[in-house]
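> Predicted model, plus sequence, below.
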Amino acid sequence: MADTTETPGIAVQSGMSNDLLERLRRSSEYVVIPLLALVFSGVLFSVFLFALGKSPAEFFSHVWRGGFGTSFSWQNTLVRAAPLIFTALCVAIPARLGLVIIGGEGALVLGGFASAAIAIPMIGWMPGLPMLAIMAFAGMVAGAIWIGCVGALRHYRGVNETIASLLMFYIAVSILNFFVEGALRDPSDPNKPSTKPIGSENMIGVIPGTDVHWGLLVGVLLCGVLYLVMNRTTFGFAAQIAGGNLRAAQAQGLPVGRLMVVSCAIAGACAGLAGFFEVAAIHGKANASLIAGYGFTGILVSFLARHNPLVIVPVAIFLGGIAASGGLVQRRMDLPDATVLVLQGLLFLVILVSETFYGRLSIFKSKGAAQ
Amino acid sequence: MSDDAGLMTVLLAMFAGAIRVSTPFLFVSLGEMLTEKSGRINLGLEGTLVFGAMSGYAISYHTGSPWFGVLVAGICGSCFGALHGYLCKLPKVNDIAIGIVLMLFGTGLAFFFGKAYIQPSAPRLPAISFGAWSDHPGIRQALEINPLFLLGIVLAIFLWWALRNTRYGLIIRTTGDSAPAALALGINVDRVRLLSTMAGGFFAGIGGSFLSLYYPGSWTEGLSSGQGLMAVALVIFARWNPLYCFWAALLFGAAGALGPALQSIGISRGYHFFNAAPYILTLLIMIASTSPRRSLKGAPGELSITK
């Protein structure tokens, strides 16, 4: 994030072209306000810790060491960032149409389950790579159908997508439990009800030289592709118009219903892919461990990134780092694991409230003084 | 014969469940209804509910008085309501998004402070027995009614009366139906919404304290199963009418009792789906009761989810 803070400074120094200066000043608003919000929520959280008699400085140094301090903690952070990238995309794509989808966790759970379930009959005779491709496809289809339904319900029945997607999360969990504790339960595992393991030889490996699985790279590439789709294609343009003014989009003859369903399906496919990578790279089977809250943290990632796919990557790494440091904070400072939830909630709250400052601070509008 | 007995057991269990499980639904839906009547939606009542459950339990443990716990849970709830009501009046701040945050934030805070109260047991709310006339143990058990349930009924009737017949009711309804009209009447729209959201939060906090202080009757992190969210759908189903909220809450309570009731007579196939019955019911109700073309009957005109 270091380069972004310098933007206003560069603007002052160069100052050659008025046009460039103007553009930089306007875009610097989208960098400075979130950064200030970040700092402010850090201050609020410090006050919270201070009131409890804990040292904020110690907390942030643990977060730094546990999340970003060593190569080991970096890898831990990146492993957590991968599913966050996918689940954040599940929020960001429908957000272009003005839809608030918060049930990405459900699509993740079902996507993970579908990819594990389709693998079971293939174990043993199917070579690894085609099997993984089929698994990934199954996970994406399951997620796409799940969230696509939410989009369809919104368009054809006027059902509020926020509530519907969250209700469908609970239904997705019951579907997972039904199969994992019933028909597809692996009888040889007495501990935790799970599907049969897909086999370690079929699992996705790590990026050479690291402990981070390929999901991270796929997520970064997907962010790039979806950025291009949403910003450089007619589909993305139409989605943006529909999100800005639904009536105008309809008057233009844009297929609003199809845009909604397709965007939601793309979003669901992203979350389903997160489930696939959790199964194929981390757990090796589908069980209740899939419900780890990545879907809900993904909402925060997307809002923090202002639903911009390119910004999602650094934000996901940032929040993945905070999550990765949770264990260290818990052990060293005797704080409950929910501390991370409080920090995330506070951050989310401040970021949303900071929306109110866009376009209202004269510093970004007046000519001459950029920052 | 045994089939009949089994059916009776299930029906009785669902009746008992309707009375026992419906109270949090009733309080949260009344709170949500009041907030929505003033023109805003608070999706954060789920977080308020969980925090109310934790704070009520903690206070009951420390003071020994469960009723004091209920009161504090309500006060905590109205604090969350005040936060929501205050933040949403800022320009460009979306009430749905703030609701989602308060849901996550309230739950996070409850888990943070609640760690210490998972083990200890706190005094619980007493029940009043209405079943002394019956010899049937099942009926007797079903009629062990918590005072909060009765309070909820009184509250529903009071809100129904007050929204129709009092000056304050008219002010809230006007604010919810048309902010410009309310403004023209000299009503402070933001203040009405702030107070309505605070009152709504108070009710939701009480609903949460019922969970930890009566049924299931202890504080755990998995205590709430989305009641606060289902209440939002329940209010739509009840057409923003407090009396219908009561019947809808009973229906949701009965649906929630379906899974355990069937299991108690030995039907465990599809147990997970019966457990999901309230969510499926909510979704079906929303699909059946909304329409993309016309706004809903009884819906406040300013409400963002039905516009």
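Received the coordinates, thanks. Numbers count the residues shown, from 1 in each chain, chains lettered A, B, ... in the order given.

> residues near A:Gly253, how many?
7 (other Cβ atoms under 10 Å in any protein chain shown). The way it works is simple: take the backbone N, C-alpha and C, and place the C-beta from them, glycine included.

> and the gap between it and A:Ala238?
Using Cβ to Cβ, to the nearest Å, A:Gly253 is found at 10 Å from A:Ala238.

> And A:Ile322, by the same measure?
Counting by Cβ to Cβ - A:Ile322 and A:Ala238 are separated by 36 Å.

> got it, and B:Ile285?
32 Å.

> same deal with B:Gly222?
Relative to A:Ala238, and taking Cβ to Cβ, B:Gly222 is found at 43 Å.

> more crowded one of the two?
A:Ala238 (19 against 6).

> these two touch, right, the more buried one and A:Gly257?
No: applying Cβ atoms under 8 Å as the test, A:Ala238 and A:Gly257 come out as separate, 12.0 Å apart.

> what's residue 115 in contact with, if anything?
I'll assume chain A. A:Ser115 is in contact with A:Met135, A:Ala136, A:Ala138, A:Gly139, A:Ala142, A:Gly272, A:Gly275, A:Phe276, A:Val279, A:Ala280, A:Ala286, counting by Cβ atoms under 8 Å, 6 or more residues apart in numbering or on different chains.

> actually chain B
A:Pro336, A:Ala338.

> Please report how far it lies from B:Gly44.
Distance from B:Lys115 to B:Gly44, by Cβ to Cβ: 22 Å.

> ok, now B:Leu143?
From B:Leu143 to B:Gly44 the distance is 35 Å (Cβ to Cβ).

> Could you check the pLDDT of residue 13?
No chain in the question, so chain A it is. Note on A:Gln13: pLDDT of 49.

> nope, chain B
pLDDT, B:Ala13: 82.

> which element is it on?
Using DSSP states H and E, B:Ala13 maps to helix B:2-37.

> Also A:Met135?
Going by DSSP H and E, A:Met135 is in helix A:128-157.

> Can that helix be said to contact chain B?
Yes: contact between helix A:128-157 and chain B, assessed by Cβ under 8 Å from any Cβ of the partner chain, occurs at A:Leu153, A:His155, A:Tyr156, A:Arg157.

> Dump the residues you listed to a markdown table, plus pLDDT and neighbour count.
As requested, the residues of helix A:128-157 next to chain B are arranged in a markdown table below (pLDDT from 0 to 100; neighbours: other Cβ atoms under 10 Å in any protein chain shown):
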| residue | pLDDT | neighbour count |
| --- | --- | --- |
| A:Leu153 | 95 | 24 |
| A:His155 | 91 | 20 |
| A:Tyr156 | 91 | 14 |
| A:Arg157 | 89 | 15 |
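
> Let me know the closest of the residues you listed to chain B.
A:Arg157 (5.3 Å; Cβ to the nearest Cβ).

> How about the contacts made by the closest one?
B:Met286, B:Ile287, B:Thr290, B:Ser291, B:Pro292.

> Hmm, B:Ala257 is touching B:Ala16, no?
Yes: here B:Ala257 reaches B:Ala16: they are 7.1 Å apart, a contact under Cβ under 8 Å.

> who has more neighbours, B:Leu143 and B:Gly44?
Legend: neighbour count by other Cβ under 10 Å for B:Leu143 and B:Gly44, higher for B:Gly44 (30 against 19).

> confidence score at that one?
pLDDT at B:Gly44 comes out at 93.

> now the one 3 residues further on
Residue-level confidence at B:Gly47 comes out at 95, pLDDT.

> Okay, it and A:Met203: tell me how far apart.
37 Å.

> Name the SS class of the residue nearest the centre of chain A, please.
For chain A, the residue sitting closest to the mean C-alpha position, by Cα atoms, centre = their mean, is A:Ala88 at 2.2 Å. Put simply, A:Ala88 is helix when judged by DSSP: H, G, I helix; E, B strand; the rest coil.

> Quick one: name the residues of the stretch 51-200 of chain A near chain B.
Counting by Cβ under 8 Å from any Cβ, the stretch 51-200 of chain A sits next to chain B at A:100, A:102, A:153, A:155-160, A:162-164, A:166-168, A:170-171, A:173-175, A:177-178, A:181-182.
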